[in-house]
Every structure is written in C-alpha cells, then in structure tokens.
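Trainee: the sequence and its predicted three-dimensional model are supplied below.
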Amino acid sequence: MPGGRLTQQERQQIALGLADGHAYAEIARRLDRPTSTITREVMRNGGPTAYRAEIAHRATGHRAHRRRQAAPRGAQAAELPYGRDPEAVREYEEVFTTVMMASGAPKMMSRVLACLFVTDEGSLTAAELVERLHVSPASVSKAITFLESQGLVRRERDERRRERYVVDNDVMYQSMIASAVATAQLADTARQGVGPLGAGTPAAVRLENVARFLDYVSESTVRAADQARDVLHTQSATPPEETG
C-alpha cells in the first residue's frame, strides 16, 4: 500500500470519484489507500460537495509551509504520550474542525472544541488554548461563550483558581438535551402562530404540522440521549500502554 502524502493525480481521482457518487471506501480501494486517508483529505478540503483537487493540493502545501514556519526549534524531537504521531494528531484536529464547521459551527469555535477533545485531560485554560491555537485571548473567550451556550463545554476552577474549560463524558449528553430544549421551544413558538393566523388556514396548518414534527423530534432526542447515556461512561477493556 503506498504511503506518504497524496499526489495531485490522486487528488484528481478523488474528485472524479466524488463526482461519480462513489463512497470513500470505494475511492480508497481504487487508490490503494486507507479509507481514513480519503476521509481526512475530503473533509479538511471543503467536504464531498465542495472538494476541488487543485485547490486541495495547493492548500495542503500552504498548510505544510505554515507548520514549518510555526514549529519551534526542537519540535520535531518532541514526543507525544502513548507514542502518538504528531502529524496524525494535527490532521485529525483539522478533520474534526472541518466536520464541525460543516455542521454549522463557526471556525474558531470548531477549532477550540477540537483542541479540547484531543487532550487526554479534556480541559485547558484560556492561556493554553491561546498558545496551542496561536490566536488572541478575545477569540478564545468568544469561542468558549458560544460553545458554553450550546452545552458543549463547561467551566471549572482548578487548584490554582484558574478557570478551565472542560469537555467531559457528559458534554455530548448535555449538548443533546440543550438542543432538544431549543427544539421544543421552537415547537411552542410555531404553535403560537395558529391563533393569530386563524385555525384551519393554510399558514396555521403548516405551523401546526411543524410544531407536531418538532415535538416528536425533541421528545425522541431526549429519550435516545437518556437511553444511550451509559455509553459515554464505558471504559476501555484494555488500558493503553504509555510509550511516549
């Protein structure tokens, strides 16, 4: 199986495969590459509908150049815990960020969330986020405020009284519940329109149907989140070996 970075010709084949409606696994098989490589390549370069081979090839070169410029002396010798490959971790962060952006989250908020999720502690201070992401404290503060409003992070104080931003096992559960509550509120708002518009009128019927639909989605989301909550606390059967 070939290794190394994707060539421009391979990126053109990826673009053709996406245009023909092929799945990532099929494109990967044709290029004799891991499916994960194709998934990362597409998601960090616009997603399946916006992927362009030429743009992706240039963007990859620019990213590599920026990393070389930003890397401090001795960075290549630094080792990550558990024997992780720093380049693979950076690539995964980019994919996570791109997928979050595709779901509607702003770029900085997506970057902060990805950065928090890839830390073993699941928490960072504002200063640590500023250092890791090379952004301003104001950008971090704005991102945290947004993520907190979505139930995706929480704040806590450590033993040194520093504020830390946390993504723990319950973050996704709390976020799903917050989303369900927002959906239920939208359902109530839609239902309130029936009176002013007149029961039985086309607009009122439309809003009534929307309200019923959103009620069902909200209730189903809460039910599914409650049923699956234990999954978030499942421990790995085999503890990882510390190699780094």
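Mentor: In hand now; what should we look at? Numbering: from 1, shown residues only.

Trainee: going by C-alpha atoms from here, please, whenever you check contacts or count neighbours.
Mentor: Noted.

Trainee: where does residue 33 land in three-state SS?
Mentor: At residue 33, secondary structure determined by DSSP: H, G, I helix; E, B strand; the rest coil is coil.

Trainee: wait, what's in contact with residue 89?
Mentor: residue 118 (C-alpha atoms under 8 Å, 6 or more residues apart in numbering).

Trainee: where does this protein dip in pLDDT?
Mentor: Within the chain, the segments meeting pLDDT under 70 span 1-3, 62-79, 236-244.

Trainee: domain ranges for the protein?
Mentor: With automatic domain parsing as the criterion, the domains of the chain are listed as 8-70, 84-166, 171-233.

Trainee: mind listing the strands for the chain?
Mentor: Applying DSSP state E to the chain gives strands spanning 123-125, 154-157, 163-166.

Trainee: the second one pairs with which strands, parallel or anti?
Mentor: Going back to what we said before, that points to strand 154-157. With DSSP bridges as the test, strand 154-157 is paired with strand 163-166 (antiparallel).

Trainee: before we move on, back to that, closest one to residue 183 among the strands of the chain?
Mentor: Set against residue 183 and scored by C-alpha to C-alpha, these come closest in strand 154-157, at 21.3 Å.

Trainee: what are the buried residues along the closest one?
Mentor: Of all the residues in strand 154-157, those buried under the rule 16 or more other C-alpha atoms under 10 Å are residue 154.

Trainee: show me what contacts the closest residue to residue 28 other than its chain neighbours?
Mentor: Spatial nearest neighbour of residue 28, chain neighbours left out: residue 35 (5.1 Å); criterion: C-alpha to C-alpha, 6 or more residues apart in numbering. Taking C-alpha under 8 Å, 6+ apart, we find residue 35 in contact with 24-25, 27-29.

Trainee: ok, now how distant is residue 35 from residue 176?
Mentor: 29 Å (C-alpha to C-alpha, to the nearest Å).

Trainee: quick one: the helices in this structure?
Mentor: 8-19, 24-31, 35-43, 53-70, 86-102, 107-117, 126-133, 137-149, 171-192, 194-197, 202-228 (DSSP state H).
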